[in-house]
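1. okay, predicted coordinates and the sequence, questions at the end:
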There are 2 protein chains.
Amino acid sequence: MLDKERSHRIMQELEKEGLSQILITDPVAIFYLTGRWIHPGERFLGLYLGKDRESVLFINTLFQFSEEIGLRKVYYSDTDNIYPLLAHAVDSSEKLAVDKILPARFLLPMMEAGLASGYANGSPAVDQTRSIKDALEIEIMRESSRINDVCMEDFKKLIKTGITELEAAEQMLSIYKSHGASAYSFDPIVAFGMNAADPHHMPDHTILQEGDCVLFDVGGVYENYCSDMTRTYFWKKEPDELQARIYNLVKEANERAEEMCAPGIIISDIDKCARDIITDAGFGPYFTHRLGHFIGIEDHEYGDVSLTNQNRECPGITHSIEPGIYYPKGRIGVRIEDLVLITEDGHEVLNHMPKEIEVLE
Amino acid sequence: MLDKERSHRIMQELEKEGLSQILITDPVAIFYLTGRWIHPGERFLGLYLGKDRESVLFINTLFQFSEEIGLRKVYYSDTDNIYPLLAHAVDSSEKLAVDKILPARFLLPMMEAGLASGYANGSPAVDQTRSIKDALEIEIMRESSRINDVCMEDFKKLIKTGITELEAAEQMLSIYKSHGASAYSFDPIVAFGMNAADPHHMPDHTILQEGDCVLFDVGGVYENYCSDMTRTYFWKKEPDELQARIYNLVKEANERAEEMCAPGIIISDIDKCARDIITDAGFGPYFTHRLGHFIGIEDHEYGDVSLTNQNRECPGITHSIEPGIYYPKGRIGVRIEDLVLITEDGHEVLNHMPKEIEVLE
């Protein structure tokens, strides 16, 4: 069913930009608004929302469905011209907001058909709305991360003498499914020893060695919402002095950044807090990425926790906090990542796995 | 290196539409023109071609490379405004052709920056050019399909008592690699018995049963060009009378359609030829898709062999011919698919695997 509250919030965001109507074509945003996944492939799919106008879903007959979704469905076939159909819904005397991803093969004929008096990128309004999770979404995100915690306990048990990264990674999907997740949020990262010092490493045939660090960056999908967590362990041997120092720096950066998370805080200040801790200790050049990213239906949603994001935290935002140090000279890479929800009066860390140094045996 | 012949052909196609300049952003088309794969993710990547103007590649500094590619490279960073850079290259007094996939987040600011006097979909010119393979491409396509033939021989040997569709499918990538292909053209389809009667079936845990038909729809990538072939076998038992009739109808449709392929033939007539054979025998409703699709760097390229394609065949076109009958009541689905190259005086079938009824043991 068309979510009245969510569509209303999008219209409010549009109004701030002086816009009164939008044609949403991103299937993720259409799922967000209707609860229904439609994968149109190359075909046109559009959800029209207009101030004081009827909401309409334009959909190819190939994807027909009978359920009511609280808005008018307009079907078209492959031989139909969709632009006159769109013209019925759209107010041609006003500007039309469209998705940032709307391809030119649809936008140019819309313009030629004189659908609206002008066109604007309406994605900021949708992205802004999606970034503030509502009560239902928060409940699901919490459960999604709870499942990720439980799975991480199982992933630790996969680690055995002689195992390769790929052998560990390949067992993770069935573990997610056994705990109620439906899929990966993203392909899991398993990195041993030197491989962990490459933040973009993908699991390969590297065999686990005594003294290796063991990095898991993993997430599952529960009821369409993503989890995402990283922990770094050690295998059979306590980390040496340098490795322990690096580990505890990352842990401190993670914890101090998380403590800062609260409504009104400028987001870039959180990145700066974590980055300063690592930089002041001399490892700045080895923390090579932003501190975090927004997350929800998609693992990476619009919005990040970086030095360039000057926006303020608001209740309902969920993002990762994931500082890292990738230090080949120390044969180590450490990243510690949780998901954090901004609440009315502070924050809630959605992951609960311990962050102390832990040696797996 | 910028392929002079291919870019010249694109400019000629544009000229027929009254256009004199194009900004190509599809990484596949940029590979086609330069021999270089650049995967820009969400970042802008553009190749500008203009009549009597300098060709320019616009590329993010993240994807910098030192090799000469026969055109000027203009780098931009994440903090640069790309539109003034584009304005230097583009003739603002003329219309600009853009890709059909160019997203609104780039097209709308281009329009605002007044880059050109108007905008048009330039993809037909690129697609038309790409659909006519040149001598080098033909040589590679031939070898790609030769490899597919050799692999099909190996795939037949995978079929053993107790095997599941997924177990067979999972072994195919290493077989492709052992014969010189680098990847799949698409995830292989393996369908046993009733599953073959669903043309969209994906391999699952279904176990092979005596008397099942065994459908393989498979392709590999060789030097960036795709192969694609389907064969349908039987396991341990000759097909019954109805199954044999269905099989031979599909085979006849495949062979008669292939025989028609020649320059000047209207493409829809080829679909009609195959469809009439199946329809006249009473199985029309069970042949539920178009007869074929164009193929090259991508498994599905622009252009299809369907009742709606009124264009004529030209030398250099490569497409599939893949009639099928999906008949659950007969516990059978049969598809027989080859790739066909249109030559100066007829056609060349790029696959050479036999099409007679074959019972695997």
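-> Good, I have the coordinates.
2. for chain A, which segments count as helices?
-> A:4-16, A:27-34, A:82-89, A:104-112, A:123-131, A:135-158, A:165-169, A:172-178, A:241-260, A:267-280 (DSSP state H).
3. of all the ones you listed, which lies closest to B:Met11?
-> Closest to B:Met11 of those, according to C-beta to C-beta: helix A:104-112, at 19.4 Å. Where you see a C-beta, it was placed from the backbone N, CA and C, and this is true even at glycine.
4. what ranges in the stretch 151-300 of chain A fall below the confidence cut-off?
-> Applying pLDDT under 70 to the stretch 151-300 of chain A flags no residue at all.
5. of all the residues in it, which ones are close to chain B?
-> When proximity is defined by C-beta under 8 Å from any C-beta of the partner chain, the stretch 151-300 of chain A lies next to chain B nowhere.
6. ends of stretch A:63-71, what's the gap?
-> End-to-end distance for stretch A:63-71, by C-alpha to C-alpha, to the nearest Å: 16 Å.
7. next one: stretch A:126-145
-> Start to finish, the residues bounding stretch A:126-145 are 24 Å apart (C-alpha to C-alpha).
8. quick one: is it near chain B?
-> No - with C-beta under 8 Å from any C-beta as the criterion, chain B is not reached by stretch A:126-145; the gap is at least 11.5 Å.
9. could you redo the helices of chain A as TSV and give each row mean neighbour count?
-> What follows is the helices of chain A, written out as TSV (neighbours: other C-beta atoms under 10 Å in any protein chain shown):
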stretch	mean neighbour count
helix A:4-16	16
helix A:27-34	20
helix A:82-89	17
helix A:104-112	19
helix A:123-131	21
helix A:135-158	18
helix A:165-169	19
helix A:172-178	17
helix A:241-260	19
helix A:267-280	20
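10. how about A:Ser92, phi and psi?
-> Dihedral pair for A:Ser92: phi -70, psi -10, per degrees, to the nearest 10.
11. chain B versus that one, what's the distance?
-> 18 Å (C-beta to the nearest C-beta, to the nearest Å).
12. now do A:Ile140
-> From A:Ile140 to chain B the distance is 26 Å (C-beta to the nearest C-beta).
13. hang on, the earlier thing: now the helices of chain A in CSV, with distance to B:Pro27?
-> Converted to CSV, these look like this (distance: least, C-beta to C-beta, whole Å):
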stretch, distance to B:Pro27
helix A:4-16, 32
helix A:27-34, 22
helix A:82-89, 27
helix A:104-112, 16
helix A:123-131, 22
helix A:135-158, 33
helix A:165-169, 28
helix A:172-178, 29
helix A:241-260, 36
helix A:267-280, 31
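14. show me the one of those helices that comes nearest B:Arg105.
-> helix A:123-131 (7.2 Å).
15. which elements pack onto that closest one?
-> If contacts are counted by 3 or more C-beta pairs under 8 Å, 6 or more residues apart in numbering or on different chains; DSSP states H and E, helix A:123-131 sits against helix A:4-16, strand A:21-24, helix A:27-34, strand A:301-305.
16. dump the last one to CSV, restricted to CA.
-> This means strand A:301-305. The C-alpha coordinates for strand A:301-305 follow below in CSV (Å, rounded to 0.1, in the frame of the first residue of the first chain):
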residue,chain,number,x,y,z
GLU,A,301,22.4,4.7,0.7
TYR,A,302,22.7,8.3,0.0
GLY,A,303,24.6,10.1,2.7
ASP,A,304,28.0,9.4,4.2
VAL,A,305,30.0,10.1,7.4
